[in-house]
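Student: Could you work out the structure for the sequence below:
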Amino acid sequence: MAAFQPPTQHRYGHCDSYFVESHDDGIYAIRAEARERARNIARMQQRALAEELSKMTAEEYQEDIVDHMEYMESQTLADVNSIDIQTEIQWFMRPYLLDFLVEAHAAFQLLPETLFLAVNLLDRYCSRRVVYKRHYQLVGCAALLIAAKYGDKKDRVPTVRELKSMCCSLYDDEMFTQMEWHVLQTLNWIIGHPTVDAFLQLALSEGPFDPEVEHMTLYIAEIALFHKDFVSTRPSVLARSALALARCILNRPQANTSEWAGAYDAQTVMTLSNHLYQPSQVLSRKYASVHLSSVSATVDDFLQRQAQIARRAAAPPTPPATAVIEESKPITDNNMNPQTPQKTHHGAVMQHGCLTPPITPENEQFGHGYMAKPLAVHPVYPSTPTPDHSSNMQHQVPYYPNAYVSAQHH
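Tutor: Numbering: from 1, shown residues only. Purely as a prediction, here's the structure:
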């Protein structure tokens with residue numbers, strides 16, 4: 001009879017299952033969490049060290065950087081006189097196109113500098129080429145597309161299909177591509193331009209962070225985009241002047257005259273203040289949002305207070321018993337409510353330009369148009385090969401089917 005054999009003991013002990021819940025798992029988890037925490041702390045320390053080194057390097061080369069930016073802004077500035085002699089586009093059309101670009105810029109959530117760069121590309125192109133009314137919006141879309149590709153986030157760059165939809169399919173896909181190429185060729189592929197936002201960041205770096213001041217300055221600078229007076233104004237001058245006006249409205253202390261931000265232009269500040277009374281409704285709604293500090297409402301309150309002070313100062317002395325101040329009466333002084341100037345019609349023809357391609361196809365969907373003027377142009381630039389539609393110029397359509405296309409259509 002076989003003797004009784006005890007069960008073989010496993011070297012790790014008895015196990016009823018392959019899935020064992022060990023009491024040591026908690027220790028391993030704690031150690032893993034400690035290692036992850038140490039790695040995060042090391043990353044933060046490295047980031048802080050990198051920012052400190054970048055700040056030291058920036059301070060060392062700050063003067064050279066500013067000098068280069070000021071040189072580049074003079075090389076990439078639009079010429080208002082060349083735009084003024086355009087034969088078809090008029091200054092009163094500019095607010096409609098800018099409203100469209102502001103809404104498209106907000107719809108795609110692009111960076112602030114993208115809008116300023118797009119308007120600069122638009123104005124530089126209009127300084128060198130004759131632009132038809134029917135192509136004005138197309139040039140604006142091409143400028144916005146180029147600016148977004150140049151400096152914005154890749155996932156936010158609008159597509160041609162999206163821009164076509166926002167334009168109510170007024171232009172074909174190929175027309176966006178051709179116009180984008182033609183803008184780049186006209187500008188010799190020089191896209192970089194120090195924007196108002198770039199100079200604003202330099203000015204704000206000299207003091208403590210104040211988001212309300214930054215939003216107010218951007219609001220004033222974007223108002224300036226709508227007006228002829230600032231087309232040829234240097235972005236550095238406009239940034240410092242808008243910042244000074246923003247601080248005045250918000251009752252913030254001004255920068256010292258020894259600082260870069262303190263060297264603002266008083267005349268530019270005065271001109272900016274005169275254009276605050278009737279801003280674009282699209283721009284006003286944009287900056288009425290809370291995440292932009294509701295600065296448009298702040299400006300409205302400031303202007304109302306200034307109007308009340310002006311009325312009290314101009315009111316003749318009357319007996320106290322009969323003195324009545326009409327607080328709710330709006331200002332009717334035209335000097336307090338400047339409008340964007342409209343260019344008078346004249347026969348001036350650009351001496352150094354050529355027709356803007358591509359030619360919009362003729363069809364009935366574009367509505368009833370203006371009577372286009374024949375352009376007696378002697379081009380210096382080589383003409384882009386496009387079909388000759390000179391015989392159908394009397395049927396050309398206005399540049400806008402609507403005042404602007406809402407971004408909500410997208």
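Student: Give the next helix or strand downstream of the least confident helix or strand in the chain by mean pLDDT.
Tutor: Sorting the helices and strands of the chain by mean pLDDT, DSSP states H and E puts helix 25-75 at the bottom, at a mean of 83. The first helix or strand that comes after helix 25-75 along the chain, using DSSP states H and E, is helix 80-84.
Student: can you list contacts of that following helix?
Tutor: 89, 91, 123, 126-128, 228, 231-232, 343, 350 (CB atoms under 8 Å, 6 or more residues apart in numbering). All C-beta atoms are positioned from the backbone trio N, CA, C, and that covers glycine.
Student: If we use 7 Å, what do you get?
Tutor: 123, 126-127, 228, 231-232, 343 (CB atoms under 7 Å, 6 or more residues apart in numbering).
Student: where along the protein do the helices fall?
Tutor: With DSSP state H, the ranges of helices along the chain come out as 25-75, 80-84, 94-107, 112-128, 133-151, 160-166, 173-186, 196-204, 211-224, 235-249, 266-274, 281-286, 295-314.
Student: could these be laid out in CSV, adding distance to residue 258 and mean neighbour count?
Tutor: As requested, the helices of the chain are exported to CSV (distance: least, CB to CB, whole Å; neighbours: other CB atoms under 10 Å):
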stretch, distance to residue 258, mean neighbour count
helix 25-75, 14, 11
helix 80-84, 32, 17
helix 94-107, 36, 21
helix 112-128, 27, 25
helix 133-151, 32, 23
helix 160-166, 46, 17
helix 173-186, 41, 18
helix 196-204, 13, 22
helix 211-224, 19, 23
helix 235-249, 14, 24
helix 266-274, 17, 16
helix 281-286, 34, 16
helix 295-314, 28, 14
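Student: Among these, which comes closest to residue 259?
Tutor: The closest of these to residue 259 is helix 196-204. By CB to CB, the value is 8.2 Å.
Student: Tell me what angle the closest one forms with helix 25-75.
Tutor: Angle of helix 196-204 versus helix 25-75, following axes from the mean of the first three to the mean of the last three CA atoms, to 10 degrees, is 110 degrees.
Student: How far away from the center of its chain is helix 196-204?
Tutor: Here the centre of helix 196-204 is set off from its chain's centre by 13 Å, with CA atoms, centre = their mean, to the nearest Å.
Student: Skipping its backbone neighbours, what lies nearest residue 78 in space?
Tutor: residue 123 (3.4 Å; CB to CB, 6 or more residues apart in numbering).
Student: any idea how far residue 46 is from the one you found?
Tutor: 43 Å (CB to CB, to the nearest Å).
Student: Who are the contact partners of the most centrally placed residue in the chain?
Tutor: Centrality entry for the chain: nearest residue to the mean C-alpha point is residue 115, 2.3 Å, by CA atoms, centre = their mean. Contacts for residue 115 (CB under 7 Å, 6+ apart) come out as 101-102, 105.
Student: Quick one, grab the pLDDT at it.
Tutor: Predicted confidence (pLDDT) at residue 115: the value is 96.
Student: Nearest spatial neighbour of residue 163, chain-adjacent residues omitted?
Tutor: residue 141 (4.8 Å).
Student: circling back to that earlier point, packing partners of the least confident helix or strand of the chain?
Tutor: helix 235-249 (3 or more CB pairs under 7 Å, 6 or more residues apart in numbering; DSSP states H and E).
Student: can you give me how far the helix it packs on is from the chain middle?
Tutor: 16 Å.
Student: One more: stretch 127-141?
Tutor: For stretch 127-141, the distance to the chain centre is 19 Å (CA atoms, centre = their mean).
Student: and that stretch, what's its mean pLDDT?
Tutor: pLDDT averaged over stretch 127-141 gives 94.
Student: what about it, start to end distance?
Tutor: 17 Å (CA to CA, to the nearest Å).
Student: Which residue, other than its chain neighbours, is closest to residue 110?
Tutor: Spatial nearest neighbour of residue 110, excluding adjacent residues (CB to CB, 6+ apart): residue 152 at 5.1 Å.
Student: swap that for residue 148, please
Tutor: Residue 148's closest residue in space is residue 157 (CB to CB, 6+ apart), at 4.5 Å.
Student: ok, how many other residues are close to that neighbour?
Tutor: 17 (other CB atoms under 10 Å).
Student: For it, report the pLDDT, please.
Tutor: pLDDT at residue 157 comes out at 93.
Student: give the contact list for residue 269.
Tutor: 241, 244-245.
Student: Tabulate those residues in CSV, adding columns for distance to residue 284.
Tutor: Listed next are these as CSV, based on distance: CB to CB, whole Å:
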residue, distance to residue 284
241, 21
244, 22
245, 17
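Student: which one among those gets closest to residue 146?
Tutor: Residue 146 has its nearest neighbour among these in residue 241, at 27.3 Å by CB to CB.
Student: wait, what's in contact with the closest residue to that closest one other than its chain neighbours?
Tutor: Nearest residue to residue 241 in three dimensions, chain neighbours excluded: residue 268, at 3.9 Å (CB to CB, 6+ apart). Going by CB under 7 Å, 6+ apart, residue 268 touches 233, 237-238, 241.
Student: roughly how far out does stretch 266-276 sit from the chain middle?
Tutor: On CA atoms, centre = their mean, the centre of stretch 266-276 falls 20 Å from that of its chain.
Student: Equivalent analysis for stretch 144-158, please.
Tutor: Distance, centroid of stretch 144-158 to centroid of chain: 12 Å (CA atoms, centre = their mean).
Student: For the contacts of residue 268, give me CSV that also has distance to residue 311 and pLDDT.
Tutor: Output for the contacts of residue 268, formatted as CSV (distance: CB to CB, whole Å; pLDDT from 0 to 100):
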residue, distance to residue 311, pLDDT
233, 32, 93
237, 33, 94
238, 31, 95
241, 27, 95
